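Engineer: For reference, the sequence and a predicted model appear below.
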Amino acid sequence: MTERAMTKDVKRDGPKDLCALSAAELGRAVRAGETTAVEAMEAVLERIGEREQLYHCYVTVDREGALRRAEKVQKQIEAGELTGPLAGVPVALKDNLCTEGMRTTCASRILENFVPAYTAEAVRLLEQAGAVVIGKTNMDEFAMGSTTETSYYGVTRNPWNPDHVPGGSSGGSAAAVASGECFFALGSDTGGSIRQPASFCGVVGMKPTYGTVSRYGLVAYGSSLDQIGPLTKNVTDCALVLETISAHDPKDSTSLERQDTDFTSALVKDVRGMKIGIPRDYLGEGLDREVREALLAAAEVLRRQGASVEEFDLSLVDYAIPAYYTIAAAEASSNLERFDGIKYGYRAQEAQGLHEMYKMTRSRGFGAEVKRRIMLGSFVLSSGYYDAYYLRALRVKAMIKKAFDEAFARYDLILGPVAPTTAPRLGESLADPLKMYLGDIYTISVNLAGLPGISLPCGRDSRGLPIGLQLIGDCFQEKKLIRAAYTYEQAAGRQAPGGKEEEAHV
Amino acid sequence: MSKEYETVIGLEVHVELATRTKIFCGCSTAFGGAPNTHTCPVCTGMPGSLPVLNRQVVEYALAVGLAVNCHVNQLCKFDRKNYFYPDNPQNYQISQLYLPICHDGFVEIETEGGLRRVGIHEIHMEEDAGKLIHDEWEDCSLVDYNRSGVPLIEIVSEPDMRSAPEVIAYLEKLRMIIQYLGASDCKLQEGSMRADVNISVREAGSGKLGTRTEMKNLNSFTAITHAIEGERQRQIDLIEAGGEVIQETRRWDDARGDSYPMRSKEDAQDYRYFPDPDLVPVWISDEWIARVKEREPEFRDRKRQRYREEYDIPEYDIDIITGSKRMADLFEETAALCGQPKKVSNWLMGETLRLLKEKSLDPEDIRFSPENLAKLIGLADRKVINSSVAKEVFQAVFEQDVDPEKYVEEKGLGTVSDEGALRRTIEEVIAGNPQSVEDYRNGKEKAIGFLVGQTMKAMKGKADPAGVNRILRELLQGRPLEQE
């Protein structure tokens, strides 16, 4: 859609159709005075009113606050104080990002009434750019899960088919983008928690190189793996949002100082000469036939655009899952110790004495999956097992990084699936956690190696559920990812639902 | 007859570093703020907060390590020590286990048997916890996180000490080194230096270590001495009675002169140490080490030697003055300004120590400047003020660091140098005290003292007593008896 055509649509159809715009399109319309931040927020709130009952993307919708913020931003835009591309654009935040004055639950009972005293750095950067926070999206409790079913606040449904999960853990963010209940969202990705729900919901999701986005204010799950990233309607929005939230932050010791965060400069339709490798193991057993076919078709699109594509052997694929669940659980077991009923959040009131209070608070405050990972993590760190499990997992992590280094000596990018299947039906995964863990096989090694990865739609299966394509780059190669993703998106035609009525399966 | 026993002692010493801000956030380390006012999301363990290392902590830890002859782990890391307790907001303490900043050093202490080396096993950096306050009236506990995140180093010795005096000598040695470096004020009573004592006994001559206990809550040298003696005896009595020492942590109650067990090895916690993923490893470059080494001050032992050679002051004075970096600096700077080390030493050893004791202060708390002490010495030398006025002026210098020259002028404390005025006053005193004059003339030497005193009183202290004495004698001698 050209800018001219889009502008006409806005004028003709009024605010209701605003929800069909991408973040960049809306930003442009607001800047041009064709609509306002307030109209955009009203439209999105109306959309939430219509659809939230069914999809339940949000834990908290801050209607009054959102409108108030939108009014303020609109004044700043009119005063010429806010001129950026995201000024006036409503955004949804995963509920593990701290927001001053707005409760942040991590979809857990233990933080049911927790209102942070400060705002996460990535959110602060977005607000500084004029984006307007709508509310907080549902997720797997403490980001532990792949379906958004472990939330204490109920499940989120996939807008493409409400009998299916939206994926997870950033399932609320992905579903909100897909159903037009926001213009873009932030999620967090520890083992695929942005890319996998993006894939299941047919939107674009990106995990940047570890250290690119500050983790300050992101409630930690696996600190050495966690990264915040965008969930958007298209690759352009993805680059725009990532550019806005990428900055060195002295409050996060693991934050990098990068000079190359002008990601929108990579929105170029050109992959000529780019070498793309597909790990042979990624196409083998366990991968759904339809997903495989869509993937190979996507590879073919990129080949026709001038990239070379070949299969290769990426070693250690099978070791990623045990290494990941050891490291992430170990870090989580320690990170979640602070939720003890003493300082904030839920406390078991009737407990007698300190230890009983700890025990009852944590037994009731945490859900089953969180407790499972805390126990697993405590076990692998306990004396006598530390070397055999935790240290060994760290060695595997280093070896996986080395395997990727070797691959990137030969290829600019790696192409693969995001998940073995499209979105499973509600309830299917939780019954067999081990199977759910195995579903992370294509995403978690990216976190273990600290690499950037993007998930973008590449078709639908016979049931109409979206299929995602994953592109993986070497550290700091986000621009290559964005260029290839943009090229594919342009060549294959727009795949994201963008909240269009005909695509929303209401 | 009982057997001979040897006591084997090792120490874990925690020292609070003198940084202005905390180890992992920018909050103030100042003592005594209202509860939870020196806090932020980081030091209260708020979800999503992250630690950032204070470089000065590394600098101080490195300086202490180098001063006690340690090897440096140039790549050092922080680890999490996991345990649940409300004074610890994250329920883990950020400390160092696997790669502490310094290891394998030593200090030399003086003992009855001559110089002795005490090995330093390691030095690591860590954060302090908050403080729990148990409100018995309300039957609840409150927590103050002002201390949470205050930087500490823990200095772990080898089990190289054999008696309480050796332990005290070792602690004194550490205290001197650390104070001289300015890394901490090392006050045991205020908790900026804390020592846990690991103690075991074995039959004299045995090469095997006995089972040890760890003594906690020792906040004075006396308490440490008592605890060592008490615990040694307790362990010997146990063994003699056919019992066995249990490895445990015991809390010393100095008021009762007894200890009781806090926790035993059986319920020892598994701290599940692992590298803190929120912090990046610290790289300590050769240049950094060289820079810290270069800035190393002259430590006490060397300073004592130099004082003996350079200044003509008694050994006792040298001991006291070098016992505090503040005092030694003050001494050297003042001596350089006025060129009279002996007099400077007298002021420090006399009035300064007296006032410190009177106000229950530490030499480190001295606030006056060498310039003002030097001026005071100069005023007394030039007899602008007499010695009793000098003491009065010194008190003002000590308390408010006043400029003695201005102070004497403003308060009109200078000796009256107008001899005519002095003579007139003395003549009046002589006229007013015929009995004393009579006594003096009859050979009662003491009477002159009374007359001097009366003159000084009349002069409001602002006269040079020696001059008064001289003029008095002159006048009394020169005046014939017949005149009366």
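Structural biologist: Nice, I can see it.
Engineer: what sits against the nearest residue to B:His14 once chain neighbours are set aside?
Structural biologist: With C-beta to C-beta, 6 or more residues apart in numbering or on different chains as the criterion, B:His14 has its nearest non-adjacent residue at 4.4 Å, and that residue is B:Arg194. Every C-beta, even on glycine, is put in place using the N, C-alpha and C of the backbone. If you count contacts by C-beta atoms under 8 Å, 6 or more residues apart in numbering or on different chains, B:Arg194 has them with B:Val13, B:His14, B:Val15, B:Leu188, B:Leu218, B:Asn219.
Engineer: Between these, which sits nearest chain A?
Structural biologist: Nearest to chain A, judged by C-beta to the nearest C-beta, of those is B:His14 at 22.6 Å.
Engineer: circling back to that earlier point, how close does the residue nearest to B:His14 get to A:Asn161?
Structural biologist: 63 Å (C-beta to C-beta, to the nearest Å).
Engineer: could I have stretch B:136-149 exported to CSV, CA atoms only?
Structural biologist: Extracted C-alpha coordinates of stretch B:136-149, given in CSV (Å, rounded to 0.1, in the frame of the first residue of the first chain):
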residue,chain,number,x,y,z
GLU,B,136,8.8,-6.8,70.5
TRP,B,137,5.9,-4.4,71.3
GLU,B,138,4.2,-4.9,68.0
ASP,B,139,5.4,-8.5,67.6
CYS,B,140,6.8,-7.9,64.2
SER,B,141,10.1,-7.5,62.4
LEU,B,142,11.1,-4.6,60.2
VAL,B,143,13.9,-4.4,57.8
ASP,B,144,16.1,-1.5,56.9
TYR,B,145,17.9,-1.9,53.6
ASN,B,146,20.2,1.2,54.0
ARG,B,147,23.1,-1.2,54.6
SER,B,148,22.1,-3.6,51.8
GLY,B,149,24.7,-3.4,49.1
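Engineer: now it, how far from the centre of its chain.
Structural biologist: 29 Å (C-alpha atoms, centre = their mean, to the nearest Å).
Engineer: Over to stretch A:410-424?
Structural biologist: Remark: stretch A:410-424 is offset 16 Å from the chain centroid, using C-alpha atoms, centre = their mean.
Engineer: now do stretch A:237-254
Structural biologist: On the basis of C-alpha atoms, centre = their mean, stretch A:237-254 sits 14 Å off its chain's mean C-alpha point.
Engineer: Close to chain A: what parts of the stretch 151-300 of chain B are there?
Structural biologist: Where the stretch 151-300 of chain B comes near chain A, counting by C-beta under 8 Å from any C-beta of the partner chain, the residues are B:Asp270, B:Arg272, B:Tyr273, B:Phe274, B:Pro277, B:Asp278, B:Leu279, B:Val280.
Engineer: State the pair within the residues you listed that is farthest apart.
Structural biologist: Taking C-beta to C-beta as the measure, those span a maximum distance of 26.3 Å, between B:Asp270 and B:Val280.
Engineer: with the contacts of B:Arg194 in mind, which one is nearest to B:Glu351?
Structural biologist: B:Leu188 (26.2 Å).
Engineer: these two touch, right, the closest one and B:Leu174?
Structural biologist: No: counting by C-beta atoms under 8 Å, B:Leu188 sits too far from B:Leu174 to count as a contact (11.3 Å).
Engineer: rewinding a little: which of the contacts of B:Arg194 tops the neighbour count?
Structural biologist: Per-residue neighbour counts (other C-beta atoms under 10 Å in any protein chain shown) across these peak at B:Val15, which has 25 neighbours.
Engineer: Check which helix or strand that one maps to.
Structural biologist: Using DSSP states H and E, B:Val15 falls within strand B:5-16.
Engineer: What's the first helix or strand after that strand?
Structural biologist: helix B:55-67.
Engineer: contacts for the next helix-or-strand element following that following helix?
Structural biologist: Note on helix B:55-67: by DSSP H and E, the next helix or strand toward the C-terminus is strand B:71-72. Strand B:71-72 is contacted from outside by B:Leu62, B:Gly65, B:Leu66, B:Ile101, B:Cys102, B:His103, B:Asp104, B:Gly105, B:Ile284, B:Ile289, using C-beta under 8 Å, 6+ apart.
Engineer: Then stretch A:381-388?
Structural biologist: Under C-beta under 8 Å, 6+ apart, the answer for stretch A:381-388 is A:Ala330, A:Ser333, A:Ser334, A:Phe379, A:Val380, A:Tyr390, B:Asn82, B:Asp270, B:Arg272, B:Tyr273, B:Phe274.
Engineer: What separation do you get for the first one and chain B?
Structural biologist: What that stands for is A:Ala330. Relative to chain B, A:Ala330 is positioned 6 Å away (C-beta to the nearest C-beta, to the nearest Å).
Engineer: One more: the fourth one?
Structural biologist: Taken as C-beta to the nearest C-beta, the spacing of A:Phe379 relative to chain B amounts to 9 Å.
Engineer: Contact partners for that residue?
Structural biologist: Neighbouring residues of A:Phe379 by C-beta under 8 Å, 6+ apart: A:Tyr385, A:Tyr389.
Engineer: SS state for it?
Structural biologist: Assigned state for A:Phe379: helix (three-state reduction, DSSP: H, G, I helix; E, B strand; the rest coil).
Engineer: Tell me who's in contact with the residue minimising distance to the centre of chain A.
Structural biologist: By C-alpha atoms, centre = their mean, chain A has its centre lying nearest to A:Ile194, at 2.4 Å. A:Ile194 makes contact with A:Ser170, A:Ser173, A:Ala174, A:Gly187, A:Ser188, A:Gly205, A:Met206, A:Lys207, A:Gly229, A:Pro230, A:Leu231, A:Ser455, according to C-beta under 8 Å, 6+ apart.
Engineer: circling back: quick one: which of the residues of the stretch 151-300 of chain B next to chain A sit in strands?
Structural biologist: B:Phe274 (DSSP state E).
Engineer: Looking at the residues of the stretch 151-300 of chain B next to chain A, spot the one nearest A:Thr361.
Structural biologist: B:Arg272 (19.9 Å).
Engineer: The residue of the stretch 1-150 of chain B found nearest chain A and B:Lys81: what is the separation?
Structural biologist: Relative to chain A, the nearest point of the stretch 1-150 of chain B is B:Asn91 (3.5 Å; C-beta to the nearest C-beta). From B:Asn91 across to B:Lys81, the span is 10 Å (C-beta to C-beta).
Engineer: Please apply the same query to A:Ala176.
Structural biologist: 40 Å.
Engineer: higher neighbour count, these two?
Structural biologist: A count of neighbours by other C-beta under 10 Å puts A:Ala176 above the other of A:Ala176 and B:Lys81, at 38 against 19.
Engineer: So for whichever residue of the stretch 351-484 of chain B sits closest to chain A, what's the nearest residue that isn't a sequence neighbour?
Structural biologist: Taking C-beta to the nearest C-beta, chain A has its nearest neighbour within the stretch 351-484 of chain B at B:Glu364, 33.5 Å off. Spatial nearest neighbour of B:Glu364, chain neighbours left out: B:Arg326 (4.9 Å); criterion: C-beta to C-beta, 6+ apart.
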